[in-house]
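*Asks:* Below are the sequence and a predicted model; questions follow.
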Amino acid sequence: MTISTATIQTAELVLPVTDLKTEMPFFLNTLGFRLDQIFPADDPSVAVISGHGLRLRLERDAGVAPGLLRLYADDPAALTDKGASLTSPNGNRIEIHDANPPLVIPETRHSFMVRRLADSDSWVIGRAGMRYRDLITDRLGGSIIASHIRIPDGGPVPDMVHYHTVGFQLIFCYRGWVRLVYEDQGDPFILNAGDCVIQPPQIRHRVLEASDNVEVLELGVPAEHVTTIDHEMELPNGTINPDRDWDGSKFVHHKEAEATWAPWRIPGWDARDTGIGAGTAGVAGVCVARPDGSGAAPWCSHDTDILFTFVKEGNLTLEVDAEDAEPQALVAGDAFVLPPFLKTRYVNASADCELIEATLPSSFNTQVHG
């Protein structure tokens, strides 16, 4: 059945009541709704009330089960002294929630993990029709999510202005290009292959257009975070403020074409820093590394909480100093996670090998072993 939405004038959620005289004071006086309609006059059986973004129809003999209504308050404790839930005189349940709950990042559950592109048949369709591949299947206990995302068909992307409630979020363009626009960052721009941005907490943004078969790498902390659509803001929003602070982070747009290479933390490799460590005040760091041609790297370990690596180009072998650990031959599109203090080394790297390394926090120690 097709509905012509142009003919819809309003909507109501029906809650059953047995006695309006006892139910209405609860909703009007205790919960702060207002009365819009009531009928019939001689023996009211229906009251339409509104408030807090809702329109409710309290109807006697409605023939439906009691409902559950959730109210989100800035200070839930000040709203009621009866706990986080209430029950109306006629059996409808009311739950009181915090409108601004603190962002909770679960404690990391460390594990060694390798995720191969060739073994993956788990592409799923996510938001705005994008294809997602999970790169950290156990999410390290919920502390991080890493996704390989594809948009197979180029052209306009059916995205909306939105924001994420996150601690850290990275978008790295892996293949093709994507056109984006961000709050307070001026006109839309192209994110080319090799470029990346961080999306500070709650910055409004929108994906506008993509090339054919564009691929991006997206990291988010924590793994489960809320995406909220902003129906009011239009982008660009007419403001340019590149130094704006977003809960301790600044917007960072790193361009590969303008990057500077320098010796990396692992001997035998060079890296280009993206500036994300500085932009997040040390919360996270991202770099791209490549072999400098001097030979195999030594055994190394690290002491940072999270170290995630994506093979951007070429191939290499990851050796792991652990019982029964086999060398891991890796190619472009593969990814791995190294827990703290695990000794590993990168060998047999092709001349075109490049790795994207993301760490939380950005500053940590690397120990070279022999």
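*Replies:* Yep, that arrived.

*Asks:* For the chain, which element, helix or strand, carries the lowest mean pLDDT?
*Replies:* Using mean pLDDT, DSSP states H and E, the weakest-scoring helix or strand in the chain turns out to be helix 76-79, at a mean of 78.

*Asks:* Mind exporting the C-alpha coordinates of that one to CSV?
*Replies:* The C-alpha coordinates for helix 76-79 follow below in CSV (Å, rounded to 0.1, in the frame of the first residue of the first chain):
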residue,chain,number,x,y,z
PRO,A,76,16.6,13.2,36.0
ALA,A,77,17.0,13.2,39.7
ALA,A,78,15.4,16.6,40.0
LEU,A,79,12.4,15.5,38.0
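
*Asks:* Provide the secondary structure category for Lys312.
*Replies:* Assigned by DSSP: H, G, I helix; E, B strand; the rest coil, the conformation of Lys312 is strand.

*Asks:* Hmm, it is touching Ala332, no?
*Replies:* Yes: between Lys312 and Ala332 there is a contact under Cβ atoms under 8 Å: 6.5 Å. Using the backbone N, CA and C atoms, a C-beta is placed for each residue, glycine as well.

*Asks:* Between the two, tell me which one has more neighbours.
*Replies:* Lys312 (22 against 17; other Cβ atoms under 10 Å).

*Asks:* got a list of what the more buried one touches?
*Replies:* Tyr174, Val288, Ala332, Glu354, Leu355, Ile356 (Cβ atoms under 8 Å, 6 or more residues apart in numbering).

*Asks:* just those now: which is nearest Ile136?
*Replies:* Checking the contacts of Lys312 against Ile136 with Cβ to Cβ, the nearest one is Ile356 at 13.8 Å.

*Asks:* centre of the chain versus the least confident helix or strand of the chain, how much separation?
*Replies:* Offset of helix 76-79 from its chain centre (Cα atoms, centre = their mean, to the nearest Å): 29 Å.

*Asks:* same for that helix, what does it pack against?
*Replies:* strand 93-98 (3 or more Cβ pairs under 8 Å, 6 or more residues apart in numbering; DSSP states H and E).

*Asks:* Name every strand pairing with the helix or strand just after the strand it packs on and say which way it goes.
*Replies:* Later in the chain than strand 93-98, the nearest helix or strand by DSSP states H and E is strand 113-115. Strand 113-115 has the following sheet partners, assigned by DSSP bridges: strand 335-337 (antiparallel).

*Asks:* hang on, the earlier thing: other SSEs contacting the next helix or strand after the least confident helix or strand of the chain?
*Replies:* Using DSSP H and E, the helix or strand that follows helix 76-79 towards the C-terminus is strand 85-87. If contacts are counted by 3+ Cβ pairs under 8 Å, 6+ apart, strand 85-87 sits against strand 93-98.

*Asks:* what does the strand it packs on rub up against?
*Replies:* Counting by Cβ under 8 Å, 6+ apart, 31, 66-73, 76, 79-80, 83-88 sit against strand 93-98.

*Asks:* Any quick PyMOL command for the buried ones out of those residues?
*Replies:* For the buried members of the contacts of strand 93-98, the matching PyMOL selection, counting by 16 or more other Cβ atoms under 10 Å, is:
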select buried, resi 31+67+69+71+76+79+80+86+88
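
*Asks:* that older thread, filter the contacts of Lys312 down to just the ones in strands.
*Replies:* Tyr174, Val288, Glu354, Leu355, Ile356 (DSSP state E).

*Asks:* Might you report the residue contacts of the fourth one?
*Replies:* Residues in contact with Leu355, defined by Cβ under 8 Å, 6+ apart, are Val288, Ala289, Arg290, Thr309, Phe310, Val311, Lys312, Leu316, Tyr346.

*Asks:* How much space separates Ala325 from Asn315?
*Replies:* Ala325 sits 19 Å away from Asn315 when distances are taken as Cβ to Cβ, to the nearest Å.

*Asks:* actually Ala329, not the one I typed
*Replies:* 7 Å.

*Asks:* try Cys173
*Replies:* Distance from Cys173 to Asn315, counting by Cβ to Cβ: 21 Å.

*Asks:* Specify which residue of those two has the higher count of neighbours.
*Replies:* Neighbours were counted for Cys173 and for Asn315 using other Cβ under 10 Å; Cys173 has more, 23 against 15.

*Asks:* Tell me which stretches of the stretch 251-370 of the chain form helices.
*Replies:* Secondary structure of the stretch 251-370 of the chain (DSSP state H, counting those that start in this stretch): helices located at 276-279.

*Asks:* Do you have the strands of it handy? List them.
*Replies:* Per DSSP state E, counting those that start in this stretch, the stretch 251-370 of the chain carries strands over the ranges 252-254, 261-263, 269-273, 285-291, 299-302, 306-313, 315-320, 328-331, 335-337, 344-347, 354-360, 366-369.

*Asks:* hang on, the earlier thing: take the ones in strands among the contacts of Lys312 and lay them out in TSV including pLDDT and distance to Asn365.
*Replies:* What follows is those, written out as TSV (pLDDT from 0 to 100; distance: Cβ to Cβ, whole Å):
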residue	pLDDT	distance to Asn365
Tyr174	98	29
Val288	98	21
Glu354	98	24
Leu355	98	19
Ile356	98	21
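
*Asks:* So which residues make contact with stretch 45-55?
*Replies:* For stretch 45-55, contacts defined as Cβ under 8 Å, 6+ apart pick out 10-13, 20, 23-24, 27-28, 31-39, 56-61, 69, 71.

*Asks:* Of those residues, keep whichever come out buried.
*Replies:* 12, 20, 23-24, 27, 31, 33, 56-60, 69, 71.

*Asks:* which two in those are spaced the farthest apart?
*Replies:* Across these (Cβ to Cβ), the longest gap, 23.4 Å, separates Arg60 and Leu71.
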